[in-house]
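1. Next one to model:
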Amino acid sequence: MGFIGRAGLMALRCVYTDLDGTLLGPDASLFHDGEGRFTLLAARALEACHRAGCEVMLMSGRRRTQVAEDARLIGHASYCFEIGGGLVVDGEETWLCGELDPREGRTPWELIEQSGAPALLLGAYPDRLEPHAPWHVGREVSHLFRGRVELSEAQALLEREGHGALRLVDNGEIADGRRVYHLIPASASKFTAVRAHMRARGYAPQECIAVGDSREDLGVIELVGRFYLVANAPEEDPRALRTESGHGDGFYEAVIRSLAELR
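-> Residues are numbered from 1 along each chain as shown. Presented below is the predicted three-dimensional model:
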């Protein structure tokens, strides 16, 4: 990773950002920091991107309708939803679920449900995994859980029982030390969605940064010039830069620093 400096005339053209735990503060608020204090910094970072002609692309585990509305509110037209199972660029939809793309009137979510994999996981971890209500309903791709499981153990169970076309994704921490998990097609990821978006736009890695807080967010690190982990992120990676502040204030740091260095 690494930007071409000012002499290389490479401007920042796109910021890829996660929503919950990154751009948004507690209770999914754009205007509150990690301690619940009112802040305008995330909004100012979005304004700075607008003034610089820099696209902001949301990469989220949320449902399509939620992310579409979030993208509309910040004035941008591209986003991926349900951990990259689907990508929308200027209103054009692309499914990234491989053999589990929609077919015969069934969504990827329905195909996964019919496979029996969600029931397998819930049965194997009755005290450690449960549906992430109420956000588990109305989904098109991922089955959404919360709890605390060993990811490699759960993945091995899926593969042993014939569900190798699926993967369980850790998408970050919530209250009480529990984590959010998505059961998705193995071919779907934020990495795949970001790569497809970069190709559609013609962006070079040195023209892009990404900001996130989870393991799945870190998956895009090889695609972009810089990756920033916000201060509240529990993950560590020596290749990533860490902001001093968390949530939207950290997003502000990442954006303003990158814009200043590429001016």
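
2. Sheet-wise, list the partners of the lowest-mean-pLDDT helix or strand in the chain with their directions.
-> Each helix and strand of the chain was given a mean pLDDT (mean pLDDT, DSSP states H and E); the minimum falls on strand 166-173 at a mean of 91. Neighbouring strands of strand 166-173 in its sheet, by DSSP bridges, are strand 179-185 (antiparallel).

3. what's the offset of the strand it pairs with from the middle of its chain?
-> 12 Å (Cα atoms, centre = their mean, to the nearest Å).

4. And for stretch 253-263?
-> On Cα atoms, centre = their mean, the centre of stretch 253-263 falls 21 Å from the chain's centre.

5. One more: stretch 122-137?
-> Remark: stretch 122-137 is offset 21 Å from the chain centroid, using Cα atoms, centre = their mean.

6. Quick check: end-to-end length of that stretch?
-> In stretch 122-137, first residue to last residue: 16 Å (Cα to Cα, to the nearest Å).

7. next one: stretch 113-126
-> From its first residue to its last, stretch 113-126 covers 18 Å (Cα to Cα).

8. Which residues does it contact?
-> Stretch 113-126 is contacted by residues 106, 112, 129-131, 143, 145, 147, 149, 154, 157-158, 161, 163, 166, 168, 183 when judged by Cβ atoms under 8 Å, 6 or more residues apart in numbering. C-beta here means a position set from N, CA and C on the backbone, and glycine is covered the same way.

9. again, but for stretch 28-35
-> Taking Cβ under 8 Å, 6+ apart as the rule, stretch 28-35 contacts 19-20, 23-26, 38-43, 232, 245-249.

10. what is the rounded mean pLDDT of it?
-> The average pLDDT for stretch 28-35 rounds to 96.

11. Contacts for the helix ranked longest in the chain, please.
-> For the chain, the helix that runs over the most residues, judged by DSSP state H, is helix 247-261. Applying Cβ under 8 Å, 6+ apart, the contact partners of helix 247-261 are 3, 5-6, 12, 15, 17, 21-26, 30-34, 39, 41-42, 44-45, 48-49, 52, 54, 209, 211, 226, 228, 230-232, 241, 243-245.

12. again, only this time at 7 Å
-> Helix 247-261 is contacted by residues 3, 12, 15, 17, 22-25, 30, 33-34, 39, 41-42, 44-45, 48-49, 52, 209, 211, 226, 228, 230-232, 243-245 when judged by Cβ atoms under 7 Å, 6 or more residues apart in numbering.

13. List the buried residues for that helix?
-> Applying a neighbour-count criterion of 16 or more other Cβ atoms under 10 Å, one finds 247-255, 258-259 buried in helix 247-261.

14. so residue 220 makes contact with residue 191?
-> Yes. Because the distance of 5.2 Å satisfies Cβ atoms under 7 Å, residue 220 is recorded as touching residue 191.

15. who has more neighbours, those two?
-> Under the neighbour definition other Cβ atoms under 10 Å, residue 220 and residue 191 were set side by side, and residue 220 has more, 24 against 18.

16. Assumed the more buried one was part of a strand.
-> No. Checked against DSSP: H, G, I helix; E, B strand; the rest coil, residue 220 lies outside a strand; its state is coil.
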